[in-house]
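In: below is the sequence, then the predicted model.
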Amino acid sequence: MRKQRSPFAAALAITAPSHPEPLVPPIITDPFFYAVAIPAVIFLGLSKGGFAGIGIASTPLLALYLPPLEAAALILPLLISQDIISIAVYRRHWDASNLKILLPGAVIGMALAWLVASHISDNAVRITIGLIGVMFVANVWLKRANTLPTRMGTAAGVFWGALSGFTSFMTQAGGPPYQVYVLPQRLPKLVLVGTTTIFFAVVNALKIVPYFALGQFTASNLATSVLLLPVAIVSNFAGIWLVRHMPTGLFYRIAYVLLFVISLALLWQGVTELWRK
C-alpha cells in the first residue's frame, strides 16, 4: 500500500526550488566586456585623480557592450569608491563659491534627467555635449591672447551646473559643461581638482536612488563592479601622482586638449549611431 504524504510535505515539495540559487552573484564573463571595461576603469581613475574629463570615455566604451544607462550604473560604485579616495587627498583644496553655484544647478539637471531618462536619445545628448565642448575649446584657442582669469555670472553657473548634472546622469558625460564654467577661471591646479572632485562626488551620490528606481542595478553588474575595484583604485592613485608632479601650465593645456578630443569623440559617436539608424 502506497504511503500518503502529509499536506505540509506536499506543500514543501511544490514550493521548494529544484535547484537552489547560487550564493555568489554571477559576474560578466565575456572577454570582450573586459577588453572595453578595463581601459574604461583606468580612464575613470585618471579622471578622479585630477585629469577631469578623460573619464567621459568610460561610458561610451562600456556602451559598446551594455546600454548607456546600464553602463553608467555599472561604473557608479567604482566612481563612488574613487570619490572617497580623491576627497581624502584633496579635501583641503576646493573653492566653496563655485560649489554653491554649480551644485544647485546639478540637482535640477539630474531631476530633469530622471524624469526624461526613458524618453530622450542618448545620441542626442552626446551630440549636444560634443558640440558644446568643441565650440568652447575652439573659442578659447582662437582668443589665446586673452589669458586673464574670467568668471561667468551666477545664472550661467547654475545653467552649466544643470547641464553637467543632466549629462552626468544620462551618460557620465558631465565633465565638458562643468569645465566650460570652471576652466576659464584659471583656478590653482589643486583647487580646480579638489573642487571638481567634491562636485562630482555629490553628483554621483545623488544618482544612487534614481538608478535603483530605474532598475539599473543588477546583482551581476554590482558583482562585476567589485571585481574591477582594484583596477579603479590603482588608476586613481596614478592620476593623483601625475597631477601633483605636473606643472600647472602643462596641466591646463592637457585639460583643454582632452576636453576637445573627448568632445569630438562624443560628437562622432552620436552622429554615426544616428546615421546607422
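Out: Right, received. Where do you want to start?
In: so residue 265 versus residue 176, what's the distance?
Out: 11 Å (CB to CB, to the nearest Å). Yep, even glycine has a C-beta here, placed from its N, CA and C like the rest.
In: if you count surrounding residues, which of those two has more?
Out: Taking other CB atoms under 10 Å, residue 265 and residue 176 do not tie; residue 176 has more neighbours (29 against 16).
In: does the more buried one touch residue 135 like I think?
Out: No - if you go by CB atoms under 8 Å, residue 176 and residue 135 don't touch, sitting 10.4 Å apart.
In: just give me the neighbour total for residue 30.
Out: 9.
In: find the nearest non-adjacent residue to it, please.
Out: In this structure, residue 30 finds its nearest non-sequential neighbour in residue 65, 7.4 Å apart by CB to CB, 6 or more residues apart in numbering.
In: show me what contacts that neighbour?
Out: Taking CB atoms under 8 Å, 6 or more residues apart in numbering, we find residue 65 in contact with 30, 32-33, 36-37, 71.
In: distance from the chain centre to the helix or strand where residue 158 lies, please.
Out: If you go by DSSP states H and E, residue 158 is part of helix 154-171. Centroid separation for helix 154-171 versus its chain: 13 Å, with CA atoms, centre = their mean, to the nearest Å.
In: in it, what's buried?
Out: For helix 154-171, a neighbour-count test (16 or more other CB atoms under 10 Å) marks 157-171 as buried.
In: helices or strands next to the longest helix seen in the chain in the packing?
Out: Criterion DSSP state H: the longest helix present in the chain is helix 248-276. With contacts taken as 3 or more CB pairs under 8 Å, 6 or more residues apart in numbering; DSSP states H and E, helix 248-276 sits against helix 58-62, helix 122-142, helix 175-182, helix 189-213.
In: so which of those is the most packed in?
Out: Comparing these by mean neighbour count (mean count of other CB atoms under 10 Å), helix 175-182 comes out on top with a mean of 26.
In: quick check: angle from that one to helix 154-171?
Out: Between helix 175-182 and helix 154-171, the angle comes out at 170 degrees (axes from the mean of the first three to the mean of the last three CA atoms, to 10 degrees).
In: list the helices and strands helix 175-182 packs on?
Out: Here helix 175-182 touches helix 96-116, helix 122-142, helix 154-171, helix 189-213, helix 248-276, going by 3+ CB pairs under 8 Å, 6+ apart.
In: so who does residue 101 touch?
Out: With CB under 8 Å, 6+ apart, residue 101 has these contacts: 154, 157-158, 161.
In: of all these, which two lie farthest apart?
Out: Among the contacts of residue 101, the pair separated by the greatest distance (CB to CB) is 154 and 161, at 10.3 Å.
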